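Q: Any chance you can model this:
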Amino acid sequence: MRRAGFVLFTILSLTSVVSEASAPAGQWWNGLYGLRKEIAVTTGASAVQIGHTVGFTQDTASLISGSQLRSDGKDWRVVWWNSGSSTWVELDRHVTYGTWNTASTKTWFKLKAAISASSTDTNYYVYYNYASESTTPPQALTNVYNPPTDANTEVLWYAKDGTGTTLTDSSGNARHRTLPSGWGWSSSSNYGTGFTMPNENSDKRVDSGFTPGVEQDWTVEMWVKITDNDFGADTNDATFWHTWRWGGFTQGVTWSDSSRIYSDMNCGNCRSPNTGYSLNTTYHLAVTYDSTTNDFTVGGLR
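A: The predicted structure is shown next:
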């Protein structure tokens, strides 16, 4: 068994760090695995909470060509050393579509412990080099990305499919959808893969398949990155996320060429965040409907 260097993933920039202890010498997760790399997770001026999704980049093409890693990735395992109980825990991990067997493979997982500001946690490792591995690594998306599901989750699209036209629902309700023609995939989102929508004057949409009652509260959250708001002479705005319809109303989230993101109910009751957006910037957007007041708000643009 050999330790083969380390991989550094920096969450935020910093000038100095305090290193948290890694696994003691002689501690090895699985004796069938010949190699491992330490994953040093480094914070900046702010602490990071438990459950935060982080990722690291590694050249898997060289490992595969050097017969140190299986080409199917079954022996690519992310493991955490629990220093409190002196035990190993294998973590769910997800590899960004299209990056496997390349010089820049991106692997994602969730932190098992909070990390204080200006610190580095070196209790995470990626193990590999087990040619006879036949089992599939744990890779449930709900254990890798946020938000997780709960009893109230109706639809959860992580948009990690990366190819084809299927948008897989991870809520457990099987509300899988087909992307409209012209829509595609990109690996430039905050957490790897996301789907893309062309800038066109059309009524293409993805319907959630869930219709709440008029007296039912609900919230929609999403990450949005707008790269072009020039909608041409025929339209001043474009709706990119139709969610539910009931009673003749359509709930959607729209961006406009006046640099506003808003939500509308046939736009008879439009709501916008307090600030406009900037192109090529990723924003978290939340839309909440309050059935008591028959109104809704748009927030979380940041």
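Q: hey, where'd the helices end up in the protein?
A: 60-65 (DSSP state H).
Q: Map the structural domains onto the sequence of it.
A: Using automatic domain parsing, the domain parsing of the chain gives 2-138, 166-299.
Q: Could you identify which of those has the lowest mean pLDDT?
A: When the domains of the chain are compared by mean pLDDT, domain 166-299 comes last with a mean of 66.
Q: I figured Tyr124 hits Val41, correct?
A: Yes: using Cβ atoms under 8 Å, Tyr124 is in contact with Val41, at 6.2 Å. For glycine as for every other residue, the C-beta is placed from the backbone atoms N, C-alpha and C.
Q: Can you pull the residues that touch both of these two?
A: Common contacts of Tyr124 and Val41 (Cβ atoms under 8 Å, 6 or more residues apart in numbering): none found.
Q: list the contacts for Tyr191?
A: Here Tyr191 is in contact with 53, 55, 108, 145, 223 (Cβ under 8 Å, 6+ apart).
Q: Selection in PyMOL covering whichever of the residues you listed are buried, please.
A: Buried residues within the contacts of Tyr191, by 16 or more other Cβ atoms under 10 Å, are selected in PyMOL with:
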select buried, resi 55+108+145
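Q: And the strands in the stretch 51-200 of the chain?
A: For the stretch 51-200 of the chain, the strands defined by DSSP state E, counting those that start in this stretch cover 53-58, 77-82, 87-91, 94-95, 105-110, 119-128, 166-167, 177-178, 184-189, 192-196.
Q: The third one - contacts with which helices or strands?
A: It stands for strand 87-91. Helices and strands touching strand 87-91, as assessed by 3 or more Cβ pairs under 8 Å, 6 or more residues apart in numbering; DSSP states H and E, comprise strand 77-82.
Q: who does the strand it packs on pair up with?
A: strand 87-91 (antiparallel), strand 119-128 (antiparallel) (DSSP bridges).
Q: possible to save those strands as CSV with distance to Ser67?
A: CSV is the format used below for the strands paired with strand 77-82 (distance: least, Cβ to Cβ, whole Å):
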stretch, distance to Ser67
strand 87-91, 23
strand 119-128, 11
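Q: among these, which is the most enclosed?
A: Ranked by mean neighbour count, the strands paired with strand 77-82 are led by strand 119-128 with a mean of 22 (mean count of other Cβ atoms under 10 Å).
Q: what angle sits between it and strand 105-110?
A: With axes from the mean of the first three to the mean of the last three Cα atoms, to 10 degrees defining the directions, strand 119-128 sits at 120 degrees from strand 105-110.
Q: With just CA atoms, put strand 119-128 into CSV.
A: Provided in CSV are the C-alpha atoms of strand 119-128 (Å, rounded to 0.1, in the frame of the first residue of the first chain):
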residue,chain,number,x,y,z
SER,A,119,-8.2,26.0,7.8
THR,A,120,-7.4,22.8,5.9
ASP,A,121,-9.0,19.5,6.6
THR,A,122,-6.9,16.5,5.4
ASN,A,123,-9.2,13.7,6.6
TYR,A,124,-10.5,13.0,3.1
TYR,A,125,-8.9,10.6,0.6
VAL,A,126,-9.5,9.0,-2.8
TYR,A,127,-8.6,5.4,-2.9
TYR,A,128,-7.9,3.5,-6.1
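Q: just the angle between that strand and strand 53-58, please?
A: Using the same axes, to 10 degrees: strand 119-128 against strand 53-58 is 60 degrees.
Q: before we move on, back to that, point out the one among the strands of the stretch 51-200 of the chain that comes closest to His284.
A: Closest of these to His284 is strand 184-189, at 12.0 Å (criterion: Cβ to Cβ).
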